[in-house]
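Participant: what would the 3D arrangement of this be:
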Amino acid sequence: MTHAEFAAAYARGEIKVDVDPQGAARFISARLLLPLMQMPVLGIGVALALVGWLFTGLVIIALGIAAPRLIKRSAPHFVFQQALNDPAVYDEVTRAGLLRVTSVTSDG
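Facilitator: Model prediction:
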């Protein structure tokens with residue numbers, strides 16, 4: 001199924017889509033470089049806590065831990081929306097098996 005057919009069929013309500021949550025979390029994490037971004041944020045939080053800005057540092061550490069988890073939890077929705085709007089992402093996630101058409105309704 002091409003991207004145009006996929007988008008049109010979804011808009012008409014003819015198909016249902018299944019997104020692998022764990023695979024989507026890995027895909028989004030890799031795409032956004034979450035581990036690479038998390039390390040400096042945690043480092044800044046620790047540095048602030050050590051120089052006397054204890055509560056600010058703790059808040060930044062908490063955000064550095066919570067934000068990637070929230071992003072990963074919402075990953076299936078992000079992947080689906082990106083696939084619906086971008087043909088390149090649609091091709092990538094269907095080839096990787098992250099997005100599957102689970103049912104097709106038929107008229108008649």
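Participant: against which helices or strands is the lowest-mean-pLDDT helix or strand in the chain packed?
Facilitator: Taking mean pLDDT, DSSP states H and E as the measure, the chain has strand 99-104 as its least confident helix or strand, at a mean of 82. When contacts are defined as 3 or more Cβ pairs under 8 Å, 6 or more residues apart in numbering; DSSP states H and E, strand 99-104 sits against strand 15-19, helix 75-85, helix 87-95. In short, each C-beta sits where N, CA and C put it, glycine included.
Participant: list the residues that contact the residue most central in space within the chain.
Facilitator: The centroid of the chain falls nearest to Ala75 when counting by Cα atoms, centre = their mean (2.7 Å). When contacts are counted by Cβ atoms under 8 Å, 6 or more residues apart in numbering, Ala75 is found next to Pro21, Ala24, Ala25, Phe27, Ile28, Ser29.
Participant: give me the below-cutoff pLDDT ranges for the protein.
Facilitator: Applying pLDDT under 70 to the predicted model, the residue ranges of the chain that meet it are 105-108.
Participant: what helices or strands is the helix ranked longest in it leaning on?
Facilitator: The helix spanning the most residues in the chain, taking DSSP state H as the definition, is helix 54-73. With contacts taken as 3+ Cβ pairs under 8 Å, 6+ apart, helix 54-73 sits against helix 21-32, helix 34-50.
Participant: just these: most buried one?
Facilitator: The densest packing among those, expressed as mean neighbour count by mean count of other Cβ atoms under 10 Å, is seen in helix 21-32 with a mean of 17.
Participant: and Asp18, how far is that from Ala24?
Facilitator: Plainly put, Asp18 is 11 Å away from Ala24 if you go by Cβ to Cβ, to the nearest Å.
Participant: so what sits against both of the two?
Facilitator: If you check Asp18 and Ala24 against Cβ under 8 Å, 6+ apart, no residue is contacted by both.
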